[in-house]
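*Asks:* Kindly generate the corresponding structure for this input.
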Amino acid sequence: MKRLVHIPSGNSQQGVVLVVALLMLLLVTLMAVSGFNLTQTNLQVVQNMESRELVLHAASSALEEAISSTKIVSSPTAMFTNSCGQANSKCYDVNGDGINDITVAVAPPSCVIILNIKNDDLVMPRDADCFMNGQNSLCVNAVFELTATATDNLTGAQAVMTQGVGMRASANKVSGICPG
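*Replies:* The predicted model follows:
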């Protein structure tokens, strides 16, 4: 006795393979899109970190330039020889394209303290101009606080850096900046 085996025809599946294939394609597409978005987010985070580091370095550079000269005392509202735009500001072209990328504004120094120097404490040859009859000399030790605000002109990233500096100066020059 022979048994008849029923072989289903292609019409009985009614598109199940097509639905499964479309679902798999959808899953692969979603994975690719989420991977792309994750990569873009990571790139933005890295770019923001880089911008922040650049503005911090620019602020530090401007502060170092300001404290390396005596203009803190002699002209506190114009501390830089080559300012950009306004007094007490520096511009930096980071990528060399001729366009200023970062602008740093340095506030005029604020006096923290001044200490008179006694004539007995003058020992260096450079101190000869400070000597005066009496107990106190013509020079003082002054401590200033400088604040620089650096801004990335493209991204808007901003950093504020404050630094203190102590220097010996003439009491006459410091008296206008450090009252009392």
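
*Asks:* Kindly state the pLDDT recorded for residue 179?
*Replies:* In this model, residue 179 is scored at 64, pLDDT.

*Asks:* go on, residue 10?
*Replies:* pLDDT at residue 10 comes out at 53.

*Asks:* List the buried residues in the helix or strand containing residue 138.
*Replies:* According to DSSP states H and E, residue 138 maps onto strand 136-152. Residues of strand 136-152 classed as buried: 137-140, 142-144, 146-152 (neighbour count, 16 or more other C-beta atoms under 10 Å). Yep, even glycine has a C-beta here, placed from its N, CA and C like the rest.

*Asks:* For the helix or strand harbouring residue 73, list the C-alpha coordinates in PDB.
*Replies:* Under the criterion of DSSP H and E, residue 73 resides in helix 71-74. Provided in PDB are the C-alpha atoms of helix 71-74 (Å, rounded to 0.1, in the frame of the first residue of the first chain):
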ATOM      1  CA  LYS A  71      52.900  96.700  32.600                       C
ATOM      2  CA  ILE A  72      50.800  95.300  35.400                       C
ATOM      3  CA  VAL A  73      52.000  98.200  37.400                       C
ATOM      4  CA  SER A  74      52.900 100.800  34.800                       C
END
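
*Asks:* For the helix or strand following it, list every residue counted as buried.
*Replies:* Per DSSP H and E, the first helix or strand lying C-terminal to helix 71-74 is strand 89-92. Buried residues in strand 89-92, counting neighbours by 16+ other C-beta under 10 Å, are found at 89, 90, 91, 92.

*Asks:* export the residues you listed to TSV and tack on distance to residue 125 and pLDDT?
*Replies:* Output for the buried residues of strand 89-92, formatted as TSV (distance: C-beta to C-beta, whole Å; pLDDT from 0 to 100):
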residue	distance to residue 125	pLDDT
89	37	91
90	34	92
91	39	91
92	38	91
